[in-house]
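Trainee: sequence plus predicted model, see below.
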Amino acid sequence: MKNKQTLHVAIAESSVIIRGGLSSALKQLPNINMQIVELATPQSLKVCIDTQSLDILFINPHFDAYFDIALFKEKYKEKQIHVVALLSSFIDNSIVNKYDETISIYDDLNQLTNTIDKLKKVLPDEELDDSLSDREKEVLICIVRGMTNKEIADFLIISIHTVITHRKNITSKLQIHSVSGLTIYAIVNKLISLDELENFE
């Protein structure tokens, strides 16, 4: 996980005060980037689930009269969304225990942080940062052209050690470990054209 983890979060709650309050509290948590969407209706929840990638859904169990957590988890199991019950009143424990976690409108920031931290441990790592620096792009183009580390170092006027470091960074960022895979990446991202490759060969 690089730097701060970004969590994609939705809050499904009909009360604008509770919804906005939770959103505000989540934004105050340290070391977490939150992308938060607030949902006031069942229709907006469905659109959100169908069109966006979510890590955590905070939802009032009484949302839309009664939220069927078992049906939701079955329907969207491939999305692996962690569902947290947002409690604003007493709710039967037999309903609440089907959720991944619970929070209450009476929780303070420390309790909220602990809940999020527990969920972070079971969430998959966020997608790797695949943005290459300008120098890494230059090294990538040289690799794709079939140049050796020494040839790359001479061409870019840098040390072989620096070339090796750039190569490690490139494969780590892109999670691509073969020259053929890097070639496809470079072509798709318009770092080099097929004509250039053919001319170079």
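Mentor: Thanks, I have the structure now.
Trainee: thought residue 170 was touching residue 136?
Mentor: Yes - Residue 170 lies in contact with residue 136 (C-beta atoms under 8 Å); the separation is 5.3 Å. C-beta here means a position set from N, CA and C on the backbone, and glycine is covered the same way.
Trainee: can you give me the helices in the protein?
Mentor: Here the chain has its helices, by DSSP state H, at 16-27, 42-51, 69-75, 93-96, 109-122, 134-144, 149-156, 160-174, 179-188, 194-200.
Trainee: okay, and for this protein, where does confidence drop off?
Mentor: 1-5, 122-130, 197-201 (pLDDT under 70).
Trainee: per-domain residue ranges of it.
Mentor: What automatic domain parsing lists as the domains of the chain is 5-122, 134-200.
Trainee: can I get these in JSON lines with mean neighbour count?
Mentor: Putting the domains of the chain into JSON lines (neighbours: other C-beta atoms under 10 Å) gives the following:
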{"stretch": "domain 5-122", "mean neighbour count": "15"}
{"stretch": "domain 134-200", "mean neighbour count": "15"}
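Trainee: thinking again about what came up before, rebuild the helices of the chain as TSV, extending it with distance to residue 85.
Mentor: Shown next, in TSV, are the helices of the chain (distance: least, C-beta to C-beta, whole Å):
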stretch	distance to residue 85
helix 16-27	12
helix 42-51	15
helix 69-75	8
helix 93-96	5
helix 109-122	11
helix 134-144	45
helix 149-156	55
helix 160-174	38
helix 179-188	42
helix 194-200	54
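Trainee: I'd say residue 103 and residue 111 touch.
Mentor: Yes - contact criterion C-beta under 8 Å: residue 103 and residue 111 qualify, at 7.3 Å.
Trainee: could you measure the closest residue to residue 147 other than its chain neighbours against residue 161, distance?
Mentor: Among residues not flanking residue 147 along the chain, residue 155 sits closest, at 6.8 Å (C-beta to C-beta, 6 or more residues apart in numbering). Residue 155 sits 16 Å away from residue 161, going by C-beta to C-beta, to the nearest Å.
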